[in-house]
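In: pasting the sequence and the predicted model now:
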Amino acid sequence: MGQRPCWAEISLGQLKENLTLIRRHVGPERKVLAVVKADAYGHGAVPVARALEEARVDALGVACVAEGIELRQAGLRASIVVLTGFFPGEEKDLIAHDISPGITEVGQVERLEQAAQALKRRARIHVKIDTGMGRLGVPSSDIPRLLDRLAASPSLELEGLYTHFASSEDFTSDQTEEQLRCFEKAREQFAARGLRPPLVHLANTGATVARPDTWGTMVRPGSMLYGYLSFFKFPEGQDRSAEFAAKLPVKPALTLKAQVYLVREYPAQAPLGYGANFVTQRPSRIAVLPIGYGDGWRRGLSGRSRVIVRGQYAPTVGTIGMDLTLADVTDVAGAQAGDEVVLIGTNGKVSIPPTEPARALGTVASEVLSGLGKRIPRLYRD
């Protein structure tokens with residue numbers, strides 16, 4: 001069966017190189033948990049996890065039990081941590097597949113202990129402390145009760161203690177410092193009860209890049225692993241973006257491409273696309289691309305994005321449809337049907353990083369990439 005000519009190329013070699021750069025940045029004394037949730041940010045969880053396991057990553061982070069089971073069923077043997085906890089009824093699946101859950105509320109401890117005893121196996125756990133994100137995690141007021149519950153749970157092994165930062169990229173706020181202080185107080189409470197887990201992890205991508213005081217004994221790179229850094233915010237006159245990029249010169253592992261379906265010529269004042277939201281201002285050559293919001297190429301990018309054709313930028317025009325996008329190739333000499341088009345990636349000396357469409361949409365690159373649909377095949381190289 002034929003496929004529409006739009007696809008994503010994933011460089012597993014670049015992924016491994018990004019991991020090497022992260023390890024070099026944080027030093028050999030710290031472990032790295034690679035976040036592969038949401039189908040590895042749209043890159044394909046199983047192939048990506050296999051490549052990272054080959055590169056001897058210390059652990060893999062997922063968002064739900066099903067994501068962890070998918071990796072186990074594909075033969076992955078690396079440590080897997082469910083960072084956002086689990087739902088009632090998933091306890092035995094966690095233990096049976098040797099997946100370490102994040103404990104996000106006290107009641108999970110007793111349920112997991114019962115499942116571990118029923119299966120006659122021990123379970124390794126990571127406890128998440130809510131230090132100010134305000135979503136998941138054990139609040140400071142519940143820590144004494146949690147510690148009592150852990151003391152009564154001989155089948156559970158406390159492997160990790162962690163939290164999640166809300167504003168690690170924002171240097172105009174002191175929220176990260178406040179969260180760090182809150183976490184250290186919680187850590188002291190655990191230590192007072194003789195609990196000193198070997199894995200202490202706080203740093204997401206932003207903190208891994210820019211806040212070494214948060215690195216603990218393990219860091220959790222997400223977007224940077226796939227080749228793009230966070231949008232940092234600095235006080236006026238104190239922009240350090242170039243400094244951070246130089247310290248961690250990661251590169252995108254994904255290139256999004258399509259093939260020109262056809263090129264048509266239009267006179268000036270020709271309305272094109274839904275709602276006639278674009279009208280040619282000159283005689284124009286318009287390329288039709290077989291990709292649209294049904295593939296995850298968001299409608300909000302209509303008239304606010306560009307592509308690369310024959311090593312030149314070409315603006316998208318008109319309203320992006322479910323299946324098709326238009327690009328103005330009037331200034332691209334020789335552009336024709338069958339030409340390869342880059343929507344995210346590099347061609348020659350020009351490049352469109354995933355942060356570019358993200359900025360156009362007012363969002364983050366992670367949303368753009370994880371939103372790429374199943375109609376786009378992933379082709380792996382390296």
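Out: Nice, thanks for sending it over. Residues are numbered from 1 along each chain as shown.
In: check contacts around residue 179.
Out: If you count contacts by C-beta atoms under 8 Å, 6 or more residues apart in numbering, residue 179 has them with 131-133, 163, 165-166. Using the backbone N, CA and C atoms, a C-beta is placed for each residue, glycine as well.
In: quick check: the farthest pair among these?
Out: Spatially, the most separated pair among those is 163 and 166, at 9.9 Å (C-beta to C-beta).
In: so between the two, which is more surrounded?
Out: residue 163 (26 against 18; other C-beta atoms under 10 Å).
In: mind listing what that one touches?
Out: 128-131, 133, 137, 179, 182-183, 202.
In: ditto for residue 232
Out: 169-171, 206, 210, 239-241, 244.
In: shouldn't residue 340 be in contact with residue 256?
Out: No. Residue 340 sits out of contact with residue 256 when judged by C-beta atoms under 8 Å, with a separation of 11.4 Å.
In: want to throw the contacts of residue 232 into CSV with neighbour count and pLDDT?
Out: What follows is the contacts of residue 232, written out as CSV (neighbours: other C-beta atoms under 10 Å; pLDDT from 0 to 100):
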residue, neighbour count, pLDDT
169, 23, 93
170, 17, 93
171, 18, 94
206, 25, 94
210, 22, 94
239, 13, 91
240, 13, 92
241, 14, 90
244, 16, 91
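In: let me know the outermost residue of this structure.
Out: With C-alpha atoms, centre = their mean as the measure, the chain has its most outlying C-alpha, relative to the mean C-alpha position, at residue 267: 43.4 Å.
In: from residue 180, how far out is it?
Out: 62 Å (C-beta to C-beta, to the nearest Å).
In: over to residue 119?
Out: 37 Å.
In: counting neighbours, go ahead and name the busier of these two.
Out: residue 180 (20 against 14).
In: quick check: phi and psi on residue 155?
Out: With angles defined as degrees, to the nearest 10, residue 155 sits at phi -90, psi 0.
In: helices or strands up against the helix or strand of the chain with the lowest mean pLDDT?
Out: Lowest on mean pLDDT, DSSP states H and E among the helices and strands of the chain sits helix 241-247, with a mean of 91. For helix 241-247, the elements it packs on are helix 205-210, judged by 3 or more C-beta pairs under 8 Å, 6 or more residues apart in numbering; DSSP states H and E.
In: what sits in contact with each of residue 163 and residue 166?
Out: Joint contacts of residue 163 and residue 166 (C-beta under 8 Å, 6+ apart) are 133, 179.
In: rewinding a little: the residue farthest from the centre of the chain reaches residue 285, doesn't it?
Out: No. Assessed by C-beta under 8 Å, residue 267 is found out of contact with residue 285, at 11.4 Å.
In: tell me how many other residues surround the residue lying closest to the residue farthest from the centre of the chain once chain neighbours are set aside.
Out: Leaving aside its sequence neighbours, residue 267 sits nearest to residue 283 (C-beta to C-beta, 6 or more residues apart in numbering; 5.6 Å). Residue 283 has 11 neighbours, counted by other C-beta under 10 Å.
In: on the pLDDT front, check residue 283 for me.
Out: As predicted, residue 283 sits at a pLDDT of 97.
In: element containing residue 69?
Out: Using DSSP states H and E, residue 69 maps to helix 65-73.
In: show me how far that helix is from its chain's centre.
Out: Helix 65-73 has its C-alpha centroid displaced from the chain centroid by 17 Å (C-alpha atoms, centre = their mean, to the nearest Å).
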